[in-house]
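Undergrad: A structural model of the following input is requested.
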Amino acid sequence: MSDLIIKTEGLVKHYVLGSETVRAVRGVDLEIHEGEFVSVMGPSGSGKSTFMNMIGCLDTPTEGKYWLSGQLVSELSDDQLARVRNQRIGFVFQTFNLLPRATALHNVELPLIYAGMRGKERKERAAEKLELVGLADRMAHKPPELSGGQRQRVAVARALVNEPDLLLADEPTGNLDSVTSSAIMRQLAELNEQGQTIVLVTHEHDIAEYSKRQVHLKDGLIEQDFFTEAAGATT
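TA: Have a look, this model is predicted:
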């Protein structure tokens, strides 16, 4: 399992809503290796967001097992899961989730503050990641002074600042126009070419085309799993 970032066996998630049991994920077996760029697709209610929450250690499975970089994380406590999220997973969300009154540099620094990194090293690392996403000249700007695409690039830099094993992007282009969306996806593809493992959740086929592999969920199960270059050929 050495080069596996993600391995799930029989992953199940049920929710009880009143008298109803919602079976969001019904038994998913999946392996994702280091350096892959995978899109998780599916219509509303397919289970893709629930699955993303589990592999992001934001939620725990009802049944089944999940290994992240060889560690069985499906049986960890909430405190242990929080440490895993902070140290090994970077998140990019549709709504950016930036502090509006903080500069781009400070927004990117935040995970390092929580990790206890010293000020000088912290600022250098944050600046390096902003340079990586093409925002070297926007470090002192606050989110309201940035375009939507620039704000999402700040969010990508923040997700990368802890040098995570895994970058999770949940509908990262959902609030962006088509031109800006393409620019963000090219940025993610470039990061992947540099070795970053990325899992992207999207409902848009043109966005999924930027990834190298697509996993389609339906009714909480994997319906298709194929490489983008040979779309339709199951693995």
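Undergrad: Downstream of the longest helix seen in the chain, the next helix or strand is which one?
TA: The longest helix of the chain (DSSP state H) is helix 178-193. The element immediately downstream of helix 178-193 (helix or strand, assigned by DSSP states H and E) is strand 197-201.
Undergrad: Now do that next one against helix 178-193, angle only.
TA: Angle, strand 197-201 to helix 178-193, by axes from the mean of the first three to the mean of the last three C-alpha atoms, to 10 degrees: 150 degrees.
Undergrad: And strand 197-201, what does it pack against?
TA: strand 20-33, strand 37-41, helix 48-55, strand 166-170, helix 178-193 (3 or more C-beta pairs under 8 Å, 6 or more residues apart in numbering; DSSP states H and E). C-betas here are computed from N, CA, C, even on glycine.
Undergrad: Output the ones you listed as a markdown table; include the columns distance to Pro61, mean pLDDT and mean neighbour count.
TA: Shown next, in a markdown table, are the helices and strands packed on strand 197-201 (distance: least, C-beta to C-beta, whole Å; pLDDT from 0 to 100; neighbours: other C-beta atoms under 10 Å):
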| stretch | distance to Pro61 | mean pLDDT | mean neighbour count |
| --- | --- | --- | --- |
| strand 20-33 | 8 | 95 | 17 |
| strand 37-41 | 16 | 97 | 24 |
| helix 48-55 | 6 | 94 | 23 |
| strand 166-170 | 16 | 96 | 23 |
| helix 178-193 | 27 | 95 | 16 |
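Undergrad: Quick one, which of those gets closest to Asp225.
TA: Judged by C-beta to C-beta, the one of the helices and strands packed on strand 197-201 that comes nearest to Asp225 is strand 20-33, at 7.7 Å.
Undergrad: Which residue lies nearest the spatial centre of the protein?
TA: In the chain, the C-alpha closest to the average C-alpha coordinate belongs to Leu168, at a distance of 0.7 Å (C-alpha atoms, centre = their mean).
Undergrad: quick one on the thing from earlier: who wins for proximity to Val133 among the helices and strands packed on strand 197-201?
TA: Comparing these under C-beta to C-beta, the one sitting nearest is helix 178-193, at 6.1 Å.
Undergrad: helices and strands around the longest helix of the chain, which ones?
TA: Applying 3+ C-beta pairs under 8 Å, 6+ apart, we find helix 178-193 packed against strand 37-41, helix 148-160, strand 166-170, strand 197-201.
Undergrad: Repeat the analysis, applying 6 Å as the threshold.
TA: helix 148-160 (3 or more C-beta pairs under 6 Å, 6 or more residues apart in numbering; DSSP states H and E).
Undergrad: what comes into contact with the helix it packs on?
TA: 90-92, 96, 104, 107-108, 129-130, 133, 135, 143, 167, 176, 180, 183-184 (C-beta atoms under 6 Å, 6 or more residues apart in numbering).
Undergrad: what sits up against the longest helix of the chain?
TA: Phe37, Gly148, Gly149, Gln152, Thr173, Ile198, Tyr210.
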